[in-house]
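Colleague: 3D model of this:
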Amino acid sequence: MLLGCRASQTGCQRQYGVAKHRTAVQQALLRPTAAFSDNTSPQRGAAKRQSLWCTASRLASTFPTSSSCIHSCHSSNSNSRMGRGSGVQTRFRANDSNGEGQQYDYGVVVIGGGSGGVRTARTAADLGSRVALIELPMAFISSAEKGGIGGTCVLRGCVPKKLMLYASEFATEMQAAKGFGWIEAGATLEWQTFLEAKREELHRLNKAYTDNLKKSGVEIIQGRGVVTGHHEVEVDGRKITTRNIVIATGGQSSHIPIPGAEHAITSDKVLELDSIPKVVTLIGGGYIGMEFAGMFARLGSEVHVIARQQLPLAPRFDGEVCRFFNEQVTTQAGIYMHMCSNPTEIVKESDGTLTVKMEPANKDKDGSGSSSSEIRGNQQVVLAVGRAAKTKGLGLEEVGVEMGPKGSLKVDKYSRSNIPSIWGVGDVTSRIALTPVAIMEGQALGQTLATGELVEPCYEDVPSACFSWPFVATVGLTEEQAQKKELAFEVYTNKFTPLKARIAAKGTGKPPLQCFIKMLVEVESGKVIGLHMVGEDAPEIIQGFALAIKMGVTKHQLDSLVGIHPTAGEEVLGMKGPDRVVNASEKTTESSDAQKSSGAVSQAAQSKR
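Modeller: Residues are numbered from 1 along each chain as shown. Just a heads-up that it's a prediction; the model follows:
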């Protein structure tokens, strides 16, 4: 079964809907007969159960699956407890055995308590499997001995990063307030107070994740899990047998082999710094580097970014979007971008500051955007050069598991490795390293393991965002990807200054941050195949349009929608153009309708405001 892809959409959605209905029937059949009764008629409960069983039988005959879980849910004694340890034992033991009578301790053992691992464990347990989840003790900075339920995203990634972003936004908002007449606007950030509040929230989330696992019936085992066989895991000397093993250990920060690299810190430690650095250099121009660069810049730091590529965020985001973003971060946000450069050494000076030495990435060419060969006076240097799968010491290669690039676990479209009993979800598989994707994979795999029906996660039209300064968000194809697919498509763009930005700029003393929207429309079908935005509201706006794009919306349909005024989101509607048409042979032609203002405010925005 395919989990929600637009390809073959009618059939996929029908099958997905059937599977969801089948799962709901299965879960209902796991309840005792009394749960279907009311206070006046216990017989009514038995009738309801019989009706559900008829529905299950029709589903099984009309839409057969690779598992017999629906039939195994039905006990010959309709009044018995269809839960753990009784009437559903036929189903449990089917999951917890090898089909030849050998019993395992668990049906599923998950190693790793991040977003993907937790979703896999809870889904499988909710559908009847006996599940254990192995995770290290909690810490804000991860190590070989420390981790915590919630994983990177909750404890040292997405969530604490967003909290730090909120803290930094108050600084620019207070400056902007002066432009609106708040003469006394301004305050001092007490960094330790923020850290305490952040830690308190992360402890709360860690507890919430732990409690939810327990509510689903997942057994939590604290320690380091090592795979010692195709059906065996060892946790600090304790051996556990299981029908299925799920690797969900996530990723870890990568390092670079240059002299003095030990003086740099990684993203984990950025979120636990004792103070805000006055000068900071970030090595890496991807998600992590640009997000922290924006936060430090908002907080008043002098910020430098060193990256090998020509543009920040490339090639993950659309090239034209990256060019616009680069202009904004240098001219409006005031971040020093040293592109096409390689760091060669980090030197600790006698006064404790750090000097980063660099050279052009291609020695045959000038280092574009790099004004000098070194950056002096850094209080911190942050390595943001990507992440690698966290598989070292798990015993995977020793039991014959095939590994992929950067130590990742190689899996098929159902998240299964070359060993049929060993599976993987999330960043450890090096597919799309995003928390919502890991959750999607975990949901699909949990269903697969519990029901026996193979469920395939769908990677089409996955939206994503970089919470930099300004924000960048995207869904669908970039122009480069569309060209690679040899599609014929139209390109629409809209550049404008948001209503708030002009007056806010009077308080900040900097040029107003602009917004940029780019839309790709397939010529043959008229469908929107890509939507990209740079601007303060970009993630929220793209999240809303992502569903429409996944459902195959056309530009004509979007143009028929009445917008909410005044908002940045309405700028997506009724975009003029196209700017250009790219045909299937990848040649670009300019459209006569694409003559738009090159100023800060587009003609469409001017007419509205």
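
Colleague: tell me how far stretch 166-177 lies from the chain's centre.
Modeller: Its chain's C-alpha centre and that of stretch 166-177 lie 26 Å apart, by C-alpha atoms, centre = their mean, to the nearest Å.

Colleague: please apply the same query to stretch 328-335.
Modeller: On the basis of C-alpha atoms, centre = their mean, stretch 328-335 sits 26 Å off its chain's mean C-alpha point.

Colleague: now that stretch: buried residues?
Modeller: For stretch 328-335, the neighbour count (16 or more other C-beta atoms under 10 Å) marks 328-330, 332-333, 335 as buried. (C-beta placed from N, C-alpha, C; glycine too.)

Colleague: please save the CA atoms from that stretch in CSV.
Modeller: In CSV, the C-alpha atoms belonging to stretch 328-335 read as follows (Å, rounded to 0.1, in the frame of the first residue of the first chain):
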residue,chain,number,x,y,z
GLN,A,328,18.7,39.5,1.6
VAL,A,329,21.0,38.0,4.2
THR,A,330,23.9,40.2,3.1
THR,A,331,22.2,43.5,2.4
GLN,A,332,19.3,43.4,4.9
ALA,A,333,20.3,40.9,7.6
GLY,A,334,24.0,42.1,7.6
ILE,A,335,25.5,38.6,7.6
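
Colleague: that older thread, so which one among the buried residues of stretch 328-335 has the lowest pLDDT?
Modeller: The member of those with the lowest pLDDT is Q332, at 87.

Colleague: can you give me every residue that contacts the nearest residue to G426 once chain neighbours are set aside?
Modeller: Leaving aside its chain neighbours, G426 sits nearest to G116 (3.2 Å; criterion: C-beta to C-beta, 6 or more residues apart in numbering). Taking C-beta atoms under 8 Å, 6 or more residues apart in numbering, we find G116 in contact with 151, 248, 250, 425-427, 438-439, 441-442.

Colleague: helix or strand: which one has G116?
Modeller: Taking DSSP states H and E as the definition, G116 sits inside helix 115-126.

Colleague: quick one: distance of that helix to the chain centre.
Modeller: For helix 115-126 - counting by C-alpha atoms, centre = their mean - the centre lies 17 Å from the chain centre.

Colleague: residue ranges with poor pLDDT in the stretch 101-250 of the chain?
Modeller: Flagging of the stretch 101-250 of the chain using pLDDT under 70 yields the residue ranges 101, 185-186.

Colleague: strands along that one, start to end?
Modeller: For the stretch 101-250 of the chain, applying DSSP state E, counting those that start in this stretch gives strands covering 106-111, 131-135, 219-222, 225-229, 232-235, 238-247.

Colleague: next, R376: secondary structure please.
Modeller: strand (DSSP: H, G, I helix; E, B strand; the rest coil).

Colleague: what's the nearest residue to it if we skip its chain neighbours?
Modeller: T355 (4.8 Å).

Colleague: now name the helix or strand holding the one you found.
Modeller: If you go by DSSP H and E, T355 is part of strand 354-360.

Colleague: what of K510?
Modeller: Going by DSSP H and E, K510 is not in any helix or strand.

Colleague: for it, what are its contacts?
Modeller: By C-beta under 8 Å, 6+ apart, the contact set of K510 is 332-334.

Colleague: that one and G334, how far apart?
Modeller: 7 Å (C-beta to C-beta, to the nearest Å).

Colleague: state the mean pLDDT of stretch 577-588.
Modeller: Taken as a whole, stretch 577-588 carries a mean pLDDT of 81.

Colleague: can you offset everything so residue one is 582?
Modeller: Got it, first residue is 582 now, which makes that one stretch 1158-1169.

Colleague: return it as CSV; C-alpha atoms alone will do.
Modeller: Presented in CSV, the C-alpha positions along stretch 1158-1169 are these (Å, rounded to 0.1, in the frame of the first residue of the first chain):
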residue,chain,number,x,y,z
GLY,A,1158,3.1,36.3,-16.2
PRO,A,1159,4.6,33.8,-16.9
ASP,A,1160,8.1,35.3,-16.6
ARG,A,1161,9.4,32.6,-18.9
VAL,A,1162,8.5,29.2,-20.3
VAL,A,1163,10.9,26.3,-20.2
ASN,A,1164,10.2,23.6,-22.7
ALA,A,1165,11.0,19.9,-22.5
SER,A,1166,14.4,20.4,-24.2
GLU,A,1167,15.4,22.7,-21.3
LYS,A,1168,15.5,25.9,-23.3
THR,A,1169,14.2,29.1,-21.7
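
Colleague: buried residues in it, which are they?
Modeller: Neighbour-count burial for stretch 1158-1169 flags 1158-1163 (criterion: 16+ other C-beta under 10 Å).

Colleague: follow-up on the earlier one: the residue nearest to R957 contacts Q960, doesn't it?
Modeller: No - assessed by C-beta atoms under 8 Å, T936 is found out of contact with Q960, at 11.7 Å.

Colleague: show me where the stretch 632-781 of the chain has helices.
Modeller: Along the stretch 632-781 of the chain, counting by DSSP state H, counting those that start in this stretch, helices occupy 650-653, 670-676, 696-707, 732-737, 739-760, 772-796.

Colleague: does E901 really touch K1099, like I thought?
Modeller: Yes - between E901 and K1099 there is a contact under C-beta under 8 Å: 6.2 Å.

Colleague: now the common contact residues for the two.
Modeller: What both E901 and K1099 touch, as defined by C-beta under 8 Å, 6+ apart, is the set 1060, 1074.

Colleague: out of these two, which sits in the busier spot?
Modeller: K1099 (23 against 19; other C-beta atoms under 10 Å).

Colleague: residue contacts, the closest residue to E726 other than its chain neighbours?
Modeller: Using C-beta to C-beta, 6+ apart and skipping the chain neighbours, the partner closest in space to E726 is L717 (6.4 Å). The contact partners of L717, taken as C-beta under 8 Å, 6+ apart, are 726-729, 803-805.

Colleague: about what we covered before: could I get the strands of the stretch 682-831 of the chain in CSV, plus columns for mean neighbour count and distance to I864?
Modeller: Below are the strands of the stretch 682-831 of the chain laid out as CSV (neighbours: other C-beta atoms under 10 Å; distance: least, C-beta to C-beta, whole Å):
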stretch, mean neighbour count, distance to I864
strand 687-692, 28, 31
strand 712-716, 27, 30
strand 800-803, 17, 35
strand 806-810, 20, 32
strand 813-816, 20, 36
strand 819-828, 22, 29
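
Colleague: export these as CSV, with columns for distance to K987.
Modeller: CSV is the format used below for those (distance: least, C-beta to C-beta, whole Å):
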stretch, distance to K987
strand 687-692, 18
strand 712-716, 22
strand 800-803, 28
strand 806-810, 19
strand 813-816, 23
strand 819-828, 15
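
Colleague: how about those strands, which one is nearest L892?
Modeller: strand 819-828 (34.2 Å; C-beta to C-beta).
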